[in-house]
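Asker: based on what follows, work out the 3D shape:
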Amino acid sequence: MQTTPPPDNGSDQLSMVVFSGDFDKILAAMIIALGAAAYDMKVNLFFTFWAINALRASDKKAKGKNFISKMFGFMMPKGPDKLALSKLQMAGIGPALIKGLMKKQGVASLPEMLKTAGELGVQINICEMSMNLMGFKKEEMMDYPHLQYCGVATFLSDAQDSKVQLFI
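Answerer: Numbering: from 1, shown residues only. Sure, this is the predicted structure:
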């Protein structure tokens, strides 16, 4: 009996919308991204809305922001170490407990995962429209070797060429 190969459903590529700014959801996105990169998949992450907070550098500030933009920046977490959990926040203790468990179990921290993602060539695209709505500026974002600013058309183009598309 002769079998035919399955149809090609795209390249060896993962495209993911990272929408949530919750620590545990960003962590899940990074674990999936690193796993895909380890399997030699091209990985494109499209950070939009609340997820952009994970990419804000804690030591950078932007000038020329209006009052609303300053307030958004003040009220939002700044960087991967400041994100809250989606469940069991426990007045801010929840993230510290999870991070402690991760360290005890030898799981890389979120900043370490981002560093590894950069080394593996994971592309991070930041949604310019979301950045503009929230009043964030490029100079506030972390240093990352494969970072670009784009619109949804870039994500759609990447997703069209991907075997796997996810939304977190």
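Asker: which stretches in this protein count as helices?
Answerer: Here the chain has its helices, by DSSP state H, at 23-38, 67-75, 93-104, 110-119, 128-134, 152-160.
Asker: send me the last one as CSV with only the CA atoms.
Answerer: Coordinates of each C-alpha in helix 152-160 appear next as CSV, following Å, rounded to 0.1, in the frame of the first residue of the first chain:
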residue,chain,number,x,y,z
VAL,A,152,-0.7,43.6,12.3
ALA,A,153,0.0,43.1,8.6
THR,A,154,3.5,41.8,9.5
PHE,A,155,2.0,39.3,11.9
LEU,A,156,-0.6,38.1,9.3
SER,A,157,2.2,37.7,6.8
ASP,A,158,4.3,35.7,9.2
ALA,A,159,1.2,33.6,10.3
GLN,A,160,0.3,32.8,6.7
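Asker: packing partners for that helix?
Answerer: Packing partners of helix 152-160 (3 or more Cβ pairs under 8 Å, 6 or more residues apart in numbering; DSSP states H and E): strand 11-18, strand 42-47, strand 123-127. C-betas here are computed from N, CA, C, even on glycine.
Asker: with the longest one instead?
Answerer: Helix 23-38 makes packing contacts with strand 11-18, strand 42-47, helix 93-104, helix 110-119, strand 162-167 when contacts are defined by 3+ Cβ pairs under 8 Å, 6+ apart.
Asker: which parts of the last one count as buried, going by neighbours?
Answerer: Read it as strand 162-167. 162, 164, 165, 166 (16 or more other Cβ atoms under 10 Å).
Asker: compare the helices and strands packed on helix 152-160 and give me the one nearest residue 29.
Answerer: Closest of the helices and strands packed on helix 152-160 to residue 29 is strand 11-18, at 4.8 Å (criterion: Cβ to Cβ).
Asker: could you give the mean pLDDT of the closest one?
Answerer: Mean pLDDT, computed over strand 11-18, is 94.
Asker: stretch 117-130 too?
Answerer: Averaged across stretch 117-130, the pLDDT comes to 98.
Asker: for residue 97, give me its contacts.
Answerer: Neighbour list for residue 97: residue 90 [criterion: Cβ atoms under 8 Å, 6 or more residues apart in numbering].
Asker: look up how far residue 110 lies from it.
Answerer: Look at residue 97 and residue 110: by Cβ to Cβ, to the nearest Å, they are 15 Å apart.
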